[in-house]
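Undergrad: Have a look at this prediction, sequence included:
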Amino acid sequence: MPHTHTQPAPGQSRPFHFQTRWQLPASAARVWEVLADVGAWPQWWPGVTNVTVLDSGNVPHGAGTRAQVQVVSPVGYRLRFTIHICDVEHP
């Protein structure tokens, strides 16, 4: 997915990316339904400890949604970041 790199402001870290690949025993429609419910991620996604939806965007499709996400690594590091769902492609 195309993206731009930005210079961090003083006190901020450089941008970085997460990329994962999952294979799930569920239909594409069911997976879509679960992933689209950003606020419920902590219920099923290990390491995601909190999600605060800042703007629900174009419900039910999700484009425009902004949320603050907090994750905790297995060794205890915490990371908080804001996601912005710019575009979606329904399966």
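TA: Good, I have the coordinates.
Undergrad: The longest helix seen in the chain: which residues count as buried?
TA: Identified as the longest helix of the chain according to DSSP state H is helix 28-36. By neighbour count with 16 or more other Cβ atoms under 10 Å, helix 28-36 contains the buried residues 32, 36. For the C-beta atoms, the positions are set from N, CA and C on the backbone; glycine is no exception.
Undergrad: contact partners of it?
TA: By Cβ atoms under 8 Å, 6 or more residues apart in numbering, the surrounding residues in contact with helix 28-36 are 24, 26, 40, 44, 60-62, 88, 90-91.
Undergrad: Let's have those residues in JSON lines, adding pLDDT, neighbour count and distance to residue 52.
TA: Listed next are those as JSON lines, based on pLDDT from 0 to 100; neighbours: other Cβ atoms under 10 Å; distance: Cβ to Cβ, whole Å:
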{"residue": "24", "pLDDT": "87", "neighbour count": "9", "distance to residue 52": "26"}
{"residue": "26", "pLDDT": "94", "neighbour count": "10", "distance to residue 52": "26"}
{"residue": "40", "pLDDT": "94", "neighbour count": "13", "distance to residue 52": "13"}
{"residue": "44", "pLDDT": "92", "neighbour count": "10", "distance to residue 52": "17"}
{"residue": "60", "pLDDT": "62", "neighbour count": "10", "distance to residue 52": "19"}
{"residue": "61", "pLDDT": "61", "neighbour count": "14", "distance to residue 52": "20"}
{"residue": "62", "pLDDT": "76", "neighbour count": "18", "distance to residue 52": "16"}
{"residue": "88", "pLDDT": "82", "neighbour count": "15", "distance to residue 52": "20"}
{"residue": "90", "pLDDT": "78", "neighbour count": "10", "distance to residue 52": "25"}
{"residue": "91", "pLDDT": "78", "neighbour count": "7", "distance to residue 52": "27"}
